[in-house]
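Student: coordinates for the following, if possible.
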Amino acid sequence: MDFLDTTWFKTHGRTRHFPTPEHLRSLVKLFEPPTPVKFEDLGLIVKFGSHVSVTEAINLWAIRRVFQDMIPVPEVYGWRVLEREGKTCEVFIYMQLVEGPTLAQQWPELSATDKHTICSDLRAKVSCLRSLRDSESQHVIDNGPIVFTHGDLRPANVIVTDTSPTKIVAILDWEMAGWYPDYWEDCKARFTASLGGEWRGWIDQFLDPNTEALEAFDFYTCSLGKF
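Tutor: Coordinates of the predicted model:
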């Protein structure tokens, strides 16, 4: 799949080819899981591997199309799917390289004002996501509303400016996004936050806690030895 109306093709022309899967594989060390490969001169990053799915690319494309600058995400230029014996074995997502530090890198140096600003902005973006409505989701049996969810909101997945006032440049890694109960975003955010870290104390600033759901989630994950 190629999106011919994207910046990549407008800049490089429709005859410009993406780096091939074979070339990308050659840049990864043998027996190590592939990590995204950056081509800074092309403004391109490629996420690939057996763990990557087309769903992530579709999520990115849809969020950018529906919300535009309200929820900034990398622009998807296209993807490739390699199959073996009729089954998908690897997916390659070609997308915009968004430059800048992550919120995880900047957080320790931010002022209290900047931290509140970032959390307020995250709350606004979560509200935007939840404004999406899926006509099929009312068919899901659950005690609470089903909403569109990022599924991995943590500082490492947020690109910000390196100057004050700090602003969100892009939200990355939409591989876990989808339709989930409204408490799922909060449970996952706390699950990925360090128990003794400062970030955990700020989650309430952009997500509404559901104590009952969180207790059940904690019990389940602890029983699996996840903490």
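Student: list the buried residues in the biggest helix by length in the chain.
Tutor: Secondary structure of the chain per DSSP state H: the longest helix is helix 112-130. Of the residues in helix 112-130, those buried by neighbour count under the rule 16 or more other CB atoms under 10 Å are 114-115, 117-119, 121-122, 125-126, 129. In this view, the C-beta of every residue, glycine as well, is placed from N, C-alpha and C.
Student: now do that helix: which elements does it pack against?
Tutor: With contacts defined as 3 or more CB pairs under 8 Å, 6 or more residues apart in numbering; DSSP states H and E, helix 112-130 has these neighbours: strand 146-149, strand 158-160, strand 168-171.
Student: swap in 10 Å and give it another go.
Tutor: The criterion is 3 or more CB pairs under 10 Å, 6 or more residues apart in numbering; DSSP states H and E, and the helices and strands that helix 112-130 contacts are helix 54-67, helix 103-106, strand 146-149, strand 158-160, strand 168-171, helix 184-192.
Student: any chance of these in a markdown table, plus distance to Thr211?
Tutor: Rendered in a markdown table, the data for the helices and strands packed on helix 112-130 read as follows (distance: least, CB to CB, whole Å):
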| stretch | distance to Thr211 |
| --- | --- |
| helix 54-67 | 29 |
| helix 103-106 | 26 |
| strand 146-149 | 18 |
| strand 158-160 | 26 |
| strand 168-171 | 26 |
| helix 184-192 | 10 |
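Student: starting at the chain centroid, how far to the longest helix of the chain?
Tutor: Averaged C-alpha coordinates place helix 112-130 at 16 Å from its chain's average position (CA atoms, centre = their mean, to the nearest Å).
Student: repeat that for stretch 147-163.
Tutor: Computed by CA atoms, centre = their mean, the chain-centroid distance of stretch 147-163 equals 7 Å.
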